[in-house]
Each structure stands twice: as C-alpha cells, then as structure tokens.
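Asker: Here's a sequence, model it:
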Amino acid sequence: MRPRHDAACDRSRSERIGRTVYLDCSSGVSGDMLLAALAQAYDDLHGAGSGPVFLDRELARLGIDGFELAWSTVSVGGIVTGRVEVLQTREQPLRHHADLVRIIESSGMAGRTAQRAVQAVTLLGQAEAKVHGTSLNAIHFHEIGAVDTIVDIAGTMLLLEALGAESVHCSPVDLGSGFVQCVHGKMPVPAPACAELAKGLPVFGTDCGMERATPTGLAVLRTVAEGCGPMPLGSILAVGYGSGSRSCDEQPTYVRAFVIDSVAVKSSWDRHQGVCTAGHEHG
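Answerer: Model prediction:
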C-alpha cells in the first residue's frame, strides 16, 4: 500500500530563527551610507531621533576629541533618505592601524562590537598595504580620513548590536564604473583597494560612471555579512535609508537597511521517506 501524499501533507509551517539585518547595497555602499541607514532603522524601531542620540552617547566612548555628527534628511530620486556627516572640528593626528585598534579596544565597547570593529579596520589596512606594497603597520589612513573611518565603522557595529541583529546578510553590491579621483591620482573603478576588499562578495558594475562602493563600506560588509543574495524570508520590522555625499537625483544611490524577524519554512512532507510526517490514516 502506497503512503498517501496529498495537499494537506505538503502544508508547510514556519519557525522563527532570529532577527536579521539585511543590507540592500544594489546601488552602492559606503561607511556613511551604512551608518545613516542603520540609524534610520533604529529610529523606525524606537522613535524619531533615537538613532542619533544613541550614537552620540556611544561614540563618546571612543575618547576622540574634535568631531561631531551632522544629521539631515535628503531627497534622492524622490525618496527621503537619512544622511550623516562626520565633521572634524579640530585638527586630527595622523593615525595608523595600531592607533585605531587601541582606540577601539580601550573604548569599553562590548565584545562582539569591538571585535568586529577591529576586524574591519584591519581588513581596510591590509587592503591598502597590499596595493601600496607596504606593511599593515606602515599604513596610515590619510586616504579616507582616520576620524571618518573609525566613526563609520564603530558606529555601524554599535547599531547592529543595538538593533538586535543575530545575523547580517547583504545583496550583491554595485561597484560602479568609470574613474575616481584619489589622493594617488585618477584611478579606474573599482579602485585597487576596493577591488581587494570586494573579494568574496557578489558584485557587479553599472554604466553610472562613478564609484559606488568605498573601501570602508566594503570592509564593513566583509566583516559582518554572513550571506549574500536575496532578502531572507521573514517579517520586516523596520527599514532605514542612508544616502552618501555623492547621492543625488541623477545618481540615486543609497543603502537600505531592513530589520527582519527571520523564519525558516519546514514542510510536513518527508522527501526521504516519501511519507507525510504528520499523522494520517493509510487507505
């Protein structure tokens, strides 16, 4: 007698597997875009203005004098996006990788947050060291600004923890095309450090004629993303939009941060045994 297989047996059930932050980087990624998108998602969960308040309080732990965050909203392609600028209010010393690690480790940030921040600045330093043919210890962060770098990275890691992200996933990343002007001159997109940091991430290029992924944004994704692809199955709890300094109507680039209550679907049909695992009568 063959086991019965009917529609009732294929009925699936879902099971909550945790909170996921999904980062949509299909129009690019940068450190400030990530920071603004996650802060806006935090606002969406906890109330308007709570994200910037949280970051101002937590980033003070870094003990860096001479910077402040300027928050605004900007319409990009008709979409209201969050934007944050790291304003330098005092001249900063030239910082090396070891200086950034020391600042993070002495900040009192919780274990995984500090560990991720150190990993991201190390990836960034290693990429710069490789393309310039020097050592990690000799690299200084002149290219992207030491204050910008550490604030974007530490702030992103702090917000991911505050959002309760048990896992982080991202979309394929638009690297852009054309040329970009760097400290070292005009370079093709992706610039060498970006190409290095994009290793292992699913990426693509568009004919936009601009750089759409920065070293800091890629270093953060390499550190936190456990998987890349379509948005995972689940219920959306909050959404944040973060634009960058080059975002505009003609170049509508922004990161979208989704906070998702992820679920897994389990079917009642046992494909190995060819029987329905739920109780039923044979006949």
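Asker: give me the low-pLDDT residue ranges for this protein?
Answerer: Residue ranges of the chain with pLDDT under 70: 1-12, 141-145, 266-283.
Asker: hmm, 80 instead?
Answerer: 1-14, 140-146, 182-184, 265-283 (pLDDT under 80).
Asker: need the helices for it, in chain order.
Answerer: 31-46, 50-59, 97-105, 111-132, 146-162, 192-197, 215-224 (DSSP state H).
Asker: which residues are contacting the longest one?
Answerer: It stands for helix 111-132. For helix 111-132, contacts defined as Cβ atoms under 8 Å, 6 or more residues apart in numbering pick out 97, 100-101, 104-105, 107, 109, 135-136, 138-139, 141, 143-144, 149-150, 153-154, 157-158, 160-161, 192-193, 196-197, 215-216, 219-220, 222-224. (Each C-beta comes from the backbone N, C-alpha and C, glycine too.)
Asker: Report the buried residues of that helix.
Answerer: 113-114, 116-129 (16 or more other Cβ atoms under 10 Å).
Asker: swap in the last one?
Answerer: Buried positions in helix 215-224, judged by neighbour count with 16+ other Cβ under 10 Å: 215-224.
Asker: which secondary structure elements does it contact?
Answerer: For helix 215-224, the packing partners by 3 or more Cβ pairs under 8 Å, 6 or more residues apart in numbering; DSSP states H and E come out as helix 31-46, helix 111-132, helix 146-162, helix 192-197.
Asker: export those helices to CSV and tack on distance to Leu69?
Answerer: Shown next, in CSV, are those (distance: least, Cβ to Cβ, whole Å):
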stretch, distance to Leu69
helix 31-46, 9
helix 111-132, 17
helix 146-162, 7
helix 192-197, 24
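Asker: right, and the ones you listed - which one's nearest Ser177?
Answerer: helix 192-197 (12.1 Å; Cβ to Cβ).
Asker: Which residues does that closest one contact?
Answerer: Looking at what lies outside helix 192-197 - Cβ under 8 Å, 6+ apart - the contacts are 123-124, 127-128, 130-131, 143, 175, 211, 213-215, 218-219, 222.
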